[in-house]
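A.B. asks: Sequence and computational prediction follow.
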Amino acid sequence: MVRTIDWIDGAIELIDQTRLPGALEKRRITTLDDLIVDIQRLAVRGAPALGVAGALGVAMIAQQASSLDEVHANAALLREARPTAVNLSWGVDRVMKRIDEGPAAVLTEALAIRDEDVAASISMGLYGADLVRSLVTREKARIMTICNTGGLAAVERGTALGVIQTIFEQGWLEEAFPVETRPLLQGARLTAWELTQMGAPFRLLVDSAGPFLLSRGIADAVFIGADRIAANGDTANKVGSFSLALAAQRAGVPFIVVAPESTVDVNTETGEDIEIEDRGSEEVTNFAGLRTAPEGTRTVNPAFDVTPHDLITAIVTDRRIVRPALGQTMRNVDLGPTRT
Ligand code: MRU
């Protein structure tokens, strides 16, 4: 299995996701500037992968810096590279706690984050699959999903798509329905690619077909990932998640968020407090390098939206299942074991 991001021979190696599905290419990152540019142009993306990028990035900075002040300044630049996924700042901050012990200790911590991410994905898959089994009455499950939440969004396997993979491996996935995920097509380019690699059955939908098809009973559950989960369970995820949640509620279909504990941010009280990245005009006024809107068109381009907790049937992490629609919060449900 090719890892999405890893530490190989003293440098960061990552899959350049802007080249998929056409080419599977790796990049070797040896400077902070290159890492920040790759995060911002979404060569590496997805909340868990960003957490690992933040941690390995600090390990790289710590080895190169000539003073502690330089490490602190560069770590601050890295943690701000994208604002919405809390995993990035979480990964940077966790390894920075060991900076006084020297670069070797920082690298050890960063590698632990990488390894924990692999274990978390396996655990989420098992918790998530058991939950779907208890919610879906049909013999085989049909699951709608948005964006890319698979191995490409983590080190391996991933979150929501990791659950779909687990269900497929267990032999009871009838079909997955990824939505294409405008404007950067993470669903079409990345999720469809991963499902193809797995050999799993799927059909791709345009984003705007998702809510209507839920009303027609096409899926038994909607599974999404998360970029930040607030203390009350409100969840930021790729724009388009909120409309799927509204439609799922109306259709009586379970709406399930899957994310590692590193995406839970109890310092953020509600979704209102989550900063939503706006990625500017070009992604909306142009498509594949061609202008699709008149010159001078102004845009609003939020990369994420927030699904309120009352629309969320369950949040599955690597350590627990929380049911926000039933009044549970990220503060009042205890952690359980990581499953293997
Ligand atoms: O802009 P992206 O591609 O980084 O957005 C990613 C998402 O919204 C994912 O759904 C989220 O990070 C969870 S990934 C397991």
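C.D. replies: Now that the structure is in, tell me what you want to look at. Residues are numbered from 1 along each chain as shown.
A.B. asks: Return the residues in contact with T292.
C.D. replies: T285, N286 (CB atoms under 8 Å, 6 or more residues apart in numbering). For the C-beta atoms, the positions are set from N, CA and C on the backbone; glycine is no exception.
A.B. asks: Skipping adjacent residues, who's closest to A81 in space?
C.D. replies: Of all residues not flanking A81 in the chain, I39 sits nearest, at 4.3 Å (CB to CB, 6 or more residues apart in numbering).
A.B. asks: Just confirm the one you found contacts E80, I think it does.
C.D. replies: No. Using CB atoms under 8 Å, I39 makes no contact with E80, being 10.2 Å away.
A.B. asks: Among the two, which residue is more densely surrounded?
C.D. replies: Using other CB atoms under 10 Å as the criterion, I39 and E80 rank with I39 on top: 22 against 12.
A.B. asks: That one and the ligand, how far apart?
C.D. replies: Here I39 is placed at a distance of 9 Å from the ligand (CB to the nearest ligand atom, to the nearest Å).
A.B. asks: could you give the mean pLDDT of the helix or strand that residue falls within?
C.D. replies: Using DSSP states H and E, I39 maps to helix 32-40. Mean pLDDT, computed over helix 32-40, is 98.
A.B. asks: Check stretch 54-66 too.
C.D. replies: According to the model, stretch 54-66 has a mean pLDDT of 98.
A.B. asks: Flag every buried residue along stretch 8-23.
C.D. replies: A11, I12, E13, L14, I15, D16, Q17, T18, L20 (16 or more other CB atoms under 10 Å).
A.B. asks: for the fifth one, what are its contacts?
C.D. replies: This means I15. So I15 contacts V2, T4, I5, L24, E25, K26, R27, V44, L152 (CB under 8 Å, 6+ apart).
A.B. asks: Just the buried ones among these, please.
C.D. replies: Buried among these by 16+ other CB under 10 Å: T4, I5, R27, V44, L152.
A.B. asks: Which pair of those residues spans the longest distance?
C.D. replies: With CB to CB as the measure, no two of the buried ones among the contacts of I15 lie farther apart than R27 and L152, at 13.8 Å.
A.B. asks: Contacts only, for the residue nearest to A81.
C.D. replies: Counting by CB under 8 Å, 6+ apart, I39 makes contact with R45, L50, A53, A81, R82, L88.
A.B. asks: In helices, which of the residues you listed appear?
C.D. replies: Among the contacts of I39, the members falling in helices (DSSP state H) are L50, A53, L88.
A.B. asks: Right, I'll call it a day here.
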